[in-house]
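1. A structural model of the following input is requested.
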Amino acid sequence: VPDEYWAQSILHTGNNEEDDALDEETIKNLPPGFYKGGIFVPAPRTTEADELGDTKSVNRALAENLFLIVKKDREEHAWQFPQGGWNKGEAMVDTALRELREECGRDLDVYYISRAPIGYVSYAYPPEWQVKTNTYGAKVFFYRGTHLDGE
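-> Just a heads-up that it's a prediction; the model follows:
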């Protein structure tokens, strides 16, 4: 289905003058360039960061899902999703946000789509670590979130 179809359906959902007047009010409040030739024109999905190959920008790959991985200060298995320990009495989504901010910065503002995880992975620790910590392994829960602000 062409983008123009969806653009028209966003602006013209009603069949009466009141709906059309509301559409005109919406159009007046759109940023310049978002309404051309009688149809709504969505912002481009390719940004300046995409064109420059800036992989550190969060304003890129808007048409794709991005996964955040962080580099730990160690030699082996340095790259991983932000993760850490759960504190008794803490909601799991709050653990996710706390750990994300501990590893990526306190000013990071994220919106989690749900308070429920979208999945998990469990794994056994190496035998020497199991003995040392008296713990068999870990279960890592994944949350889907949207970056709102901060770096």
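2. Can you tell me how far residue 44 is from residue 92?
-> Going from residue 44 to residue 92 by CB to CB, to the nearest Å gives 37 Å. All C-beta atoms are positioned from the backbone trio N, CA, C, and that covers glycine.
3. Over to residue 46?
-> Applying CB to CB to residue 46 and residue 92 gives a distance of 36 Å.
4. what helix or strand does residue 99 sit in?
-> Residue 99 is part of helix 92-104 when elements are defined by DSSP states H and E.
5. buried sites along that helix?
-> 93, 95-101, 103-104 (16 or more other CB atoms under 10 Å).
6. again, but for stretch 60-68
-> residue 60.
7. So what's the gap between it and the chain middle?
-> Mean-position distance between stretch 60-68 and its chain equals 8 Å (CA atoms, centre = their mean, to the nearest Å).
8. In PDB, could you pull the C-alpha coordinates for it?
-> Listed in PDB are the C-alpha atoms of stretch 60-68, where the atom choice follows Å, rounded to 0.1, in the frame of the first residue of the first chain:
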ATOM      1  CA  ARG A  60      19.600   6.800  13.000                       C
ATOM      2  CA  ALA A  61      18.200   3.700  11.500                       C
ATOM      3  CA  LEU A  62      14.700   4.900  12.200                       C
ATOM      4  CA  ALA A  63      13.100   2.200  10.000                       C
ATOM      5  CA  GLU A  64      14.900  -0.500  12.000                       C
ATOM      6  CA  ASN A  65      15.000  -1.900  15.500                       C
ATOM      7  CA  LEU A  66      18.300  -1.100  17.300                       C
ATOM      8  CA  PHE A  67      19.600  -3.200  20.100                       C
ATOM      9  CA  LEU A  68      21.700  -1.600  22.800                       C
END
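9. per-residue confidence averaged over stretch 114-128?
-> Here stretch 114-128 scores 89 as its mean pLDDT.
10. scratch that, stretch 47-56 is what I was asking about
-> Mean predicted lDDT for stretch 47-56 stands at 83.
11. Now do that stretch: distance from first to last residue.
-> 13 Å (CA to CA, to the nearest Å).
12. Can you tell me what sits against that stretch?
-> With CB atoms under 8 Å, 6 or more residues apart in numbering as the test, stretch 47-56 has contacts from 57, 59-62.
13. again, but for stretch 60-77
-> So stretch 60-77 is contacted by 45-47, 49-50, 54, 58, 78-82, 100, 103-104 (CB under 8 Å, 6+ apart).
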